[in-house]
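[1] dropping a prediction and its sequence here:
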Number of protein chains: 2
Amino acid sequence: MMTSASTEVSPPDADLLRVLADPLRLRIVTLLARETLCTTHLVEETGARQTNLSNHLRVLREAGVVETAPCGRFTYYTLRPDVLAALAGSFTELAEAARTTYENDRKRPCP
Amino acid sequence: MMTSASTEVSPPDADLLRVLADPLRLRIVTLLARETLCTTHLVEETGARQTNLSNHLRVLREAGVVETAPCGRFTYYTLRPDVLAALAGSFTELAEAARTTYENDRKRPCP
DNA sequence: CTTTCACATCAGCGTTGACTGACACCAGCC
DNA sequence: GGCTGGTGTCAGTCAACGCTGATGTGAAAG
C-alpha cells in the first residue's frame, strides 16, 4: 500500500546538492569512490593546496558525505555509499515522474 | 562489451549540479516533475517574484533541463526527463563504486 | 626532547551569484 | 488602434562562497 500522497516525490536535499556542486568537491568525491585516500594523496591527485582541500573536506564531512579515519599522522577519507545511493534514488523518482508527465502531456490549464 | 577503463565512472556534470543546487530552482524542478506549468502557476506556487522566476527559468533552459512551449500569452515549461535520468544514472554508478570501495576496504597505502 | 610532517583552523580578500526595479516586447481583448 | 496582462531582458546591489597565507596541534622520527 502506498502513502496518502501518491504523486508526491521526495526531492533531493538542496544542501547536499550545493555541497556536491563545487567542481573540486565533486572531483574529490569521484576519486574517493574508487579508493579510500588521505589528504596527501588528494593533494597530488588534484594539485590543490592542502589548506584548500582541508576546507572542502570539512564541508563534505559536515554534510555527512565522507567519514574520517585517523591512521598515524595521516587521515583517511572514506565515502559514505548510502548518502549517494539516497541521492540517486531521489533523482530516479524525479526522472520517472517527469517521464510520466512528459509522455501523458499532463499540464495545468491556463487560469 | 565495456569500454577500456572499467574502474572509471562517468561523474555527474558539475554545471548541471550547480544549476540544480539552488533551492528555488530545485523547487521549480520538483513542481514541473508532476505537471507542466506556466510562469503564472509557478509564481503562485513558490511565492517568488515573476522576474526572479524568469531568471531562474532561463538558467534551467540554458542548462537543457526544461523546454518551453508558448501557448497564447502564456509560456509552458516542461521538464526534460532524460537529463534527470542521466544524472540519476551517474549517481547510481558513483554509489555502487563507493559501496564496493567501502565493503572491500580498498585504500591506497601511506606514501 | 627537539624536529619534522600531516592536518586543521582562522582572518582576509576577490569573485560569483541571487534578488530587485525599471523597461521592452508580444499576444489577445475592448 | 488602444489597452491590458503575461514574459523576457538589463543594470545595480548585497550577501555567500571559494582561495590563500599564517598559525596552531598532535603524532612519529631522530
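    Great, that's in hand. Numbering: from 1, shown residues only, chains lettered A, B, ... in the order given.
[2] what number of residues lie near residue A:20?
    By the other Cβ atoms under 10 Å in any protein chain shown criterion, the neighbourhood of residue A:20 contains 27 residues. Glycine gets a C-beta too; all of them are placed from N, C-alpha and C.
[3] next up, the contacts around it.
    When contacts are counted by Cβ atoms under 8 Å, 6 or more residues apart in numbering or on different chains, residue A:20 touches A:26, A:29, A:65, A:87, B:12, B:17, B:21.
[4] ok, residue A:108 next?
    Counting by Cβ under 8 Å, 6+ apart, the residues that residue A:108 touches are B:35, B:36, B:37, B:38, B:41.
[5] repeat for residue A:50
    Residues counted as contacts of residue A:50 (Cβ under 8 Å, 6+ apart) are A:39, A:43.
[6] gap between it and residue A:76?
    15 Å (Cβ to Cβ, to the nearest Å).
[7] what do you get for residue A:52?
    Distance from residue A:52 to residue A:76, by Cβ to Cβ: 19 Å.
[8] the two - which one has more neighbours?
    A side-by-side neighbour count of residue A:52 and residue A:76, using other Cβ under 10 Å, places residue A:76 first with 19 against 12.
[9] that one reaches residue B:107, doesn't it?
    Yes - in this structure, residue A:76 is within contact of residue B:107 by Cβ atoms under 8 Å, at 6.2 Å.
[10] shared neighbours, the two?
    Common contacts of residue A:76 and residue B:107 (Cβ under 8 Å, 6+ apart): A:36, A:37.
[11] for chain A, which residues are neighbours of DNA strand C?
    Near DNA strand C, the residues belonging to chain A are A:38-40, A:43, A:50-51, A:53-55, A:57-58, A:68, A:73-75 when assessed by Cβ under 7 Å from any atom of the strand.
[12] just those residues that are near DNA strand D?
    A:51, A:55, A:73.
[13] quick one, helices of chain A?
    According to DSSP state H, chain A carries its helices in the segments A:14-20, A:23-34, A:39-46, A:50-62, A:81-104.
[14] quick check: mean pLDDT across stretch A:16-29?
    Average pLDDT, stretch A:16-29: 98.
[15] same deal with stretch A:90-108?
    96.
[16] just the C-alphas of that stretch, formatted as CSV.
    Coordinates of each C-alpha in stretch A:90-108 appear next as CSV, following Å, rounded to 0.1, in the frame of the first residue of the first chain:
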residue,chain,number,x,y,z
SER,A,90,15.7,10.8,-5.4
PHE,A,91,16.8,11.6,-8.9
THR,A,92,15.4,8.4,-10.2
GLU,A,93,12.0,9.1,-8.7
LEU,A,94,12.1,12.6,-10.1
ALA,A,95,13.1,11.4,-13.5
GLU,A,96,10.3,8.8,-13.5
ALA,A,97,7.7,11.4,-12.5
ALA,A,98,9.0,13.7,-15.2
ARG,A,99,8.8,11.0,-17.8
THR,A,100,5.2,10.2,-16.9
THR,A,101,4.3,13.9,-17.1
TYR,A,102,6.1,14.2,-20.4
GLU,A,103,4.5,11.3,-22.1
ASN,A,104,1.0,12.0,-20.8
ASP,A,105,1.2,15.7,-21.5
ARG,A,106,-0.1,16.4,-18.0
LYS,A,107,-0.5,20.2,-17.8
ARG,A,108,-2.4,22.5,-15.5
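[17] thank you kindly, that will do.
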